[in-house]
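# based on what follows, work out the 3D shape:
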Amino acid sequence: DAAVLDGGFDKWKAEGRPTETGPGKPYAPVQFAAHPRPGMFVGRDAILAAIDKPGNVIVNALNNDLHKGVGPSRYGRPGRIPSSVNVSAATLLKPADKTFTDLADAEAKFLAAGVTKDKHVIAYCGGGISATVDLFLLHQLGYDDITLYDASMGEWAKDTTLPIATGD
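Residues are numbered from 1 along each chain as shown. Model (predicted):
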């Protein structure tokens with residue numbers, strides 16, 4: 001079984017829940033075979049094929065300044081993947097405790113950006129982490145055709161052969 005700790009460890013501690021320090025408890029080794037869903041992760045070729053194509057929406061989960069290419073970027077060239085829309089992962093978390101925003105609020109943000117259930121959604125960020133916030137909420141909202149560009153801007157912005165957009 002797997003679960004998401006809504007609000008993370010900081011919220012857990014703030015609620016006075018038990019924690020411990022020291023070495024972890026040993027567990028007996030087990031065999032685990034991962035079976036990732038085919039197509040869940042895509043590479044840059046899939047992104048290139050999706051740019052400006054009807055039926056696709058590319059979602060940038062980074063903050064708005066990084067999306068616009070304002071200021072320096074730790075990922076390489078400033079900017080975003082062309083035709084991508086911005087639904088920052090930070091706007092999908094409540095600032096006070098970092099829990100997920102309610103689904104109605106998340107849905108409104110996605111719909112305002114043109115992210116609809118009839119489209120193939122590809123989410124990205126800097127390195128494939130923040131985009132999982134967007135994807136988790138899209139999954140909770142019943143979106144089925146969602147994928148992650150896990151190399152994200154860490155790959156895209158460094159490759160000068162790939163197009164990049166800036167501004168509004």
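
# next up, the contacts around the residue positioned nearest the centre of the chain.
Centroid-nearest residue in the chain: Ala131, 0.5 Å away (criterion: C-alpha atoms, centre = their mean). The contact partners of Ala131, by C-beta atoms under 8 Å, 6 or more residues apart in numbering, come to 59, 61, 89, 123-125, 148-149, 152. Backbone N, C-alpha and C define where each C-beta goes, glycine included.

# pLDDT value on the residue of the chain positioned farthest from its centre, please?
Largest separation from the mean C-alpha position in the chain: Ala28, at 33.2 Å (C-alpha atoms, centre = their mean). Listed pLDDT for Ala28 reads 93.

# also the one 5 residues further on?
Predicted confidence (pLDDT) for Ala33: 92.

# likewise Ala2?
78.

# checking it next. Helix, strand or coil?
coil (DSSP: H, G, I helix; E, B strand; the rest coil).

# so which helix or strand of the protein has the lowest pLDDT on average?
Across the helices and strands of the chain, mean confidence by mean pLDDT, DSSP states H and E is lowest for helix 8-14: a mean of 93.

# so what are the sheet partners of the following helix or strand past that one and their directions?
Helices and strands here follow DSSP states H and E; after helix 8-14, the next one along the chain is strand 41-42. Sheet pairing of strand 41-42 (DSSP bridges) gives strand 146-149 (parallel).
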